[in-house]
Structure formats: structure tokens, C-alpha cells
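**Q** Provided below for reference: sequence and predicted model.
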There are 2 protein chains.
Amino acid sequence: MAVDRFLTRRRKLLAKIRAEKLDALLVTSEVNVTYLTGFTGDSSYLLLGPDVETLISDTRYDVQIQEECPGIETYIRDSSEKIDVSTGKVVGKANLRKVGFESETTSHAQWERFQKHAEQVDWVATSQLVEKLRMVKDAAEVAEIRRAVELAERAFRMMVASLHPNMTEREASFELEDAIRRFGGEGVAFDSIVAVGDRAALPHYYPGDRRIAEADFLLVDWGALSPGGYRSDLTRIVATRVGAAATHRFRASTGRLSPKLEKVYKVVLSAQEAAIAAMKPGAACKDVDAVAREIIKAAGFGNNFGHGLGHGIGLEIHEEPRMSPISEDVLQPGMVVTVEPGIYLPGWGGVRIEDDVLITKTGCEVLTSVPKQLDEIPTA
Amino acid sequence: MAVDRFLTRRRKLLAKIRAEKLDALLVTSEVNVTYLTGFTGDSSYLLLGPDVETLISDTRYDVQIQEECPGIETYIRDSSEKIDVSTGKVVGKANLRKVGFESETTSHAQWERFQKHAEQVDWVATSQLVEKLRMVKDAAEVAEIRRAVELAERAFRMMVASLHPNMTEREASFELEDAIRRFGGEGVAFDSIVAVGDRAALPHYYPGDRRIAEADFLLVDWGALSPGGYRSDLTRIVATRVGAAATHRFRASTGRLSPKLEKVYKVVLSAQEAAIAAMKPGAACKDVDAVAREIIKAAGFGNNFGHGLGHGIGLEIHEEPRMSPISEDVLQPGMVVTVEPGIYLPGWGGVRIEDDVLITKTGCEVLTSVPKQLDEIPTA
């Protein structure tokens, strides 16, 4: 089963390699190598063409490769040979003339070394041949992402249940990771963001020593890594009451957000819901981005939403397609993307609401289900 | 204080930029940007020259930059502009002609975009200008690495104390991470390796569901990330007795390793100790590697030590210098490197012993202190 899936992917890539009139493609991105072979180690390249299929790796991974991708042809180097030298040998032995390389994941220096060690070859820069395949998830990948979503959501419930006023942002982020692992996940999909009050104005904040009760809300941006290596990515606001320090317990929200938080939250939520409603096969990513952006702009926060609306998720936390004003991608069935508009007000805080959305044949399916309506916001 | 340290580093780099006869260097490596400015976010470049010093970032990091590196000049883009376009604008405004770029961390595709967006500029490939500065640690960095070592060692003691026969590799690795955080560390320096029995033959194994009691020893390769972002990296063998499942407790080793494990362990330890004895300013890294490699070869395991002897540690877990047969580096005071010879026997297991070593003015100092003599091996 699993082997078939990787073979299918390599066959799809082969069709692209032929269409580009290349003798082979040198896959240098570690994630792309994993996607195409199932091998989960690093520092390895795949050379793939109609007449060649060789995984170029080193002695550290000899046994692992036999276990993870039995049957694949390998070239194993030891520490006396650099990988560009090995690559030159493999390319030379296969007698190739026109070889593509992944220009987005091959450094300028490595490209120069390829030229040196295989000077007979015409090295052709390619862009995102594998990434464009990875944009559209197969059934096994969608199942893995659903698992990553489930792990993240269970962990969030545990983390919220564990919150107490004196807990720090950092401790809350550890609770998330601990819970993900307890439920069988590999860990976090990325370093969780737990940001109290004005810290939420920093879209990429790293959790620190702020305590939960130091402001009237916190922002949590987190995700889980599934056992099969796929990722989820969510963001929610948790309301807190400064007075909670006295009671040490949590109550369901009764709509007692501060007027400013409620106002900003409503704008972000309506932008997010409108964007999701616009998502279907054929929709341009930049148009979906514009739907959310226009709503935020009309509410007077046009200068407070500086990042793109969302991005693909899968083996990586940020992958194609991108939903931003400059994206040229178009939604297709099988894509899984985040939808995460935000409004950031320096000195006060920020609100972002993020869900993971699968594009279906007729529209889309929101894979995430943590409540987000105004009267559902968890309150600490 | 902290600001001075970053200024000092930028001044040292400026001297190199002048020596290379460049008008400026575009620093694209995120780690190098952190090293030079203190800014810990990603997706940002630093353009540095005698007449220019601009951090090119985006709106997500606007506030964070003001907090982490106050006073630095910035160019902040929003999501409607790509970073290569911003770079072209900043370079153009500064009126530069000859600009270096980091060829090892700039992709071929990004290099082509720089040429397009600043076509008046002569882009010059540079290699490791900042990495060579980072090889030699300043006092604050050595202190951070000591802290990372201390965190790792305390966590190891806790993990060993927590071991029980039914614990899985994965659970043991989570214990390590949990303990590091409990003691104030940011987390692990890299994904810990906990490998039971024959799994230890895979130098880069990822912890799985093997149970501690399934073989008579396990290999643990772990490290901690200090609050300031520096890393440690250690490896030790823990002996176990299959019969331990009955007693559920640990005893100090009484030399009851299997004869094969004892034989292999002795070879690796003598190789490691001999290599450390050879470490001092002026020693060639490849010669130190050869000291260990020859001992392993003489014992008949020459084909079972496929990786290099060690590598620098710091902000990254693998950095310059490299200690391998093909390294051209020479040890200098202030370098901190791992020393980690290993012998790997597929189907049986592997032994690796790893310490972190600071090169001093007269020789070296082993920063790590977890016992490693044969009669000190912890037994589960």
C-alpha cells in the first residue's frame, strides 16, 4: 500500500520531467525526497528520470533506507566524500545530458559544485515541480491532516482546561505539546504561540513569562504533527478576566469581552467566514485574500493586517498554495489551506482566527471544529 | 551590554567586507542575522556595509525588532511585496555597486531574483564570512553553551532515574525534553535519539515504540537549547538487563555488560579519549579525526564508523568547524566542538560516546561531565 503511494507520486513527477524535456531531475529538498520515497532522513538527494532512480545518501542512513523504502536503488557515501561529489558520480554513470535541479532549494554554492563535478551536464533550473504536486493532497495525506487536526483540538481542550491565572505563556505552550504527545502525536507542528494581551500584536511571538491573568485575553496559535508527519495549524482567542486570579476557576463566556476586543473580534470573524464562503475549485487565491482584506479595510483596520490570508499545510507548515495579494495560485480539489486573517494593534494586542480548509469538488470543508463564535470563546 | 556584543560582531564582519572589497554584504541566513543583530525572527535579511546597515523584514516583526534590536535601521515590507523586491529597493537606494551574498544560504532562484531586482549591482558569491566568525565563540556564547550543557546533564539524570523496563524509546525522549524545560531550558537542541539495542546501529534513529527492556543497552543522543538560543549535544550508552522487568529498579553497573558490548565500548572510548587529548589550538580537524579513526580501524571496525568525528555547536546544532577526513579547518581558542566517534554493527547495535569540548589557549576543556568510564555506565 504505502509503497504504491510513493510509486504513484514518482510516476506523476516523471510525466512532468518528460514534459520539461529533461533526462532527469535532481531532487535536493529533503521534504520532497520524503514525499517521493518515504525515506524520512535528511542530507539525501533523489535523482529521478525515465532511465534512472537513485537515492544518494550516506552510511548513517544505510539501514534506515532499506527499512523505509526497500527496493530503491541507492548510492551510499561515507564521510570522506561530499554529497556533490557523489551526485557528480551518479549523474555521470547514468550518462545524462540535461538534468533539472530544484532552484528554490539548491543553494547557489551547491549549484556551482554540481557544475564542477558533472561538467558535461546541462544543469537546468526548475521551480516547484514537486511542490506543485504536493499542493493537491491524496486520500492518505488528507487522512493524516485530519489526524493532525484532531490531535491539535484535543490538546487545545486539555490546555484550556489546565489554564490558571498564574500560569505563564510558556507553561501553557508546554501543556499543548505534552497533550499532543499524550494522544499519540509526534509533537507540535511548529513552536506554539501563546501571547497574553499586547503580545498578541506580534504575529510571530514566542511564548514568554507573561502570566495568563496579566491581560483580559490571550491568543493561541498551535498545531500538531501527526505520526505520519503531517501538520495542522489553528489560532483561537481565549478570554480571561483579570479578577480570575481570585477565583482560580473558569466559566463559560457570558459575552463579557471588553468592547474593543469584541469589536475587533467581530471584524476578523466576519472576514474569515466570508473568505471561507468564497473558497471553491477555480477561485483565485488572491481573490479569496481580497475578500477578507476588504472587510478588514472597510472596518478601518486596513493597515493592521500585514500578512497573507493563509497557506497550504502538509509535510511542511508553510507550503503551496499561498493565499496573499500577490499569489498566482488557483484553488483545486484536494488542496488544504489555512484561513487566518488578523488585526494587530501595537500596544494593545491582536486578534487572529485560523482554520484549516480542504477544497472539495464542489466547494470546501472546514477540517477544524474548535468553536469560534463570539458567544463560544472560552473564558479563563 | 547585549547591544555592544552585536555591534562588536558587526564591526568584525565589516572588516571582512572591506577586505573582500565589497560595498556591502547581504546576509540571508536567518541564524547569521540573529548572530549579528539579536533579532530572533525569521524571513529577514541584513544588508551591511561601511555606509549601510538595514534589516529588511516585514510587518509581522515590526514591534519585535524595535524590542530586540532598538536603533537598527529597518525596511518593513507588507504581504504585497516579496523580500527580493524589498532587497532590490534597499540596495538601489544605498547606491551600491558590488554586493556580496551568502552563496551557501541563498538559493539559486533567489540569486536570480536579486539580479533581476537590482540589475545595476555586481552580485558576488561569498562563502561562510559570518560562519567563520561564529566558529570562535565569545565569552557570552561560551556561557550560554555551558548553560545548555548543564540543562542537558540534569535532564539526563532525571531521565535515567525515570527509566523502567516497559518505557518506550519515545517516552524516554519526552522525559528528557520535559526535564530540560522544567529546569528552565527552551527545549531540546534537536530531536533526541533514544535507541534500544539494534536500533543503535542507526546513527540518526528517531525514537519509536521499542521498550527499554527489549535489549541489553540503549543509546541516548540528546542536547538542550539554552534560554539564549545555544545548544549542547551529548551521547551516552545506558546498560539494561533483560531480566530487569522483574525487579523494576536500577542498580549501579557491576561490570555486567555483554562481552561484545564491552569490547566495542572500550574501542570507542579509547578513540574518543585519544582524540580529545589531541585537541589544542593549531591542530588540524582532519588530524584529530584521524586519531580516533585509526584506533577504530586498528581494532577491526574501520568500516563501521561512517560519519565524521564531530562538529561545531552554537546557535545551530551543526556548524563550523567540521572534524572529518575532508575538513580543512584548524582548531582555535574559543571553538566548541563535539567529539563523537561511533561503531555501528547492523543487526546488533551501535556505540557512540559524545562530549562537547571548548578549545582553550593551551589545549581544551571538556564541558560535559556525564560519567563515561566502563564502570560508570548507568545500568537499568
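**A** Right, received. Where do you want to start? It should be emphasised that the depicted structure is a prediction, and the values quoted were computed from it without experimental measurement.

**Q** Model confidence score at the residue in the stretch 1-150 of chain A that chain B sits nearest to, please.
**A** Using Cβ to the nearest Cβ, A:Thr59 is the residue of the stretch 1-150 of chain A that sits closest to chain B, at 2.8 Å. Heads up, the C-betas are built off the backbone N, CA and C, glycines and all. Confidence at A:Thr59, expressed as pLDDT, is 88.

**Q** same check, this time on the one 10 residues further on
**A** Residue-level confidence at A:Cys69 comes out at 91, pLDDT.

**Q** wait, it sits on A:Phe39?
**A** Yes - between A:Cys69 and A:Phe39 a contact is recorded at 5.1 Å, counting by Cβ atoms under 8 Å.

**Q** Now the common contact residues for these two.
**A** Both A:Cys69 and A:Phe39 are contacted by A:Leu55, under the criterion Cβ atoms under 8 Å, 6 or more residues apart in numbering or on different chains.

**Q** Run through the residues that contact A:Gln115.
**A** Per Cβ under 8 Å, 6+ apart, neighbours of A:Gln115: A:Val121, A:Trp123.

**Q** now do 10 Å
**A** A:Asp84, A:Gly88, A:Val121, A:Asp122, A:Trp123 (Cβ atoms under 10 Å, 6 or more residues apart in numbering or on different chains).

**Q** pLDDT of the helix or strand harbouring it, averaged?
**A** For A:Gln115, the host element (DSSP states H and E) is helix A:108-117. Across helix A:108-117, pLDDT averages out at 96.

**Q** Report the buried residues of that helix.
**A** Going by neighbour count (16 or more other Cβ atoms under 10 Å in any protein chain shown), the buried part of helix A:108-117 is A:His108, A:Ala109, A:Gln110, A:Trp111, A:Glu112, A:Arg113, A:Phe114, A:His117.

**Q** Show me where the stretch 51-200 of chain A dips below the pLDDT cut-off.
**A** The stretch 51-200 of chain A contains no residues with pLDDT under 70.

**Q** So which residues of it form strands?
**A** A:52-58, A:73-77, A:98-102, A:122-126, A:187-188, A:193-196 (DSSP state E, counting those that start in this stretch).

**Q** got a list of what A:Asn95 touches?
**A** A:Asp23, A:Asp51, A:Val52, A:Gln120.

**Q** A:Gly88 contacts A:His117, correct?
**A** Yes - using Cβ atoms under 10 Å, A:Gly88 makes contact with A:His117 at a distance of 2.8 Å.

**Q** what helix or strand does A:Leu358 sit in?
**A** Short version, using DSSP H and E: A:Leu358 is in strand A:355-359.

**Q** For that strand, which strands pair with it and how are they oriented?
**A** strand A:336-339 (antiparallel), strand A:364-366 (antiparallel) (DSSP bridges).

**Q** out of those, deepest packed?
**A** Mean neighbour count (mean count of other Cβ atoms under 10 Å in any protein chain shown) peaks for strand A:336-339 among those, with a mean of 26.

**Q** Angles on the backbone of A:Ser44, please.
**A** The phi and psi values for A:Ser44, taken as degrees, to the nearest 10, are phi -140, psi 150.

**Q** hang on, A:Ile295 packs against A:Val267?
**A** Yes - in this structure, A:Ile295 is within contact of A:Val267 by Cβ under 10 Å, at 6.8 Å.

**Q** burial measure for the nearest residue to A:Glu144 once chain neighbours are set aside, as a count.
**A** Distances taken as Cβ to Cβ, 6 or more residues apart in numbering or on different chains place A:Tyr230 nearest to A:Glu144, at 3.7 Å, with adjacent residues excluded. As a burial measure, A:Tyr230 scores 26 neighbours (other Cβ atoms under 10 Å in any protein chain shown).

**Q** I'd say A:Tyr230 and A:Ala140 touch.
**A** Yes - between A:Tyr230 and A:Ala140 there is a contact under Cβ under 10 Å: 9.4 Å.

**Q** how near is the residue of the stretch 1-150 of chain A closest to chain B to A:Ser86?
**A** The gap separating A:Thr59 from A:Ser86 is 12 Å, by Cβ to Cβ, to the nearest Å.
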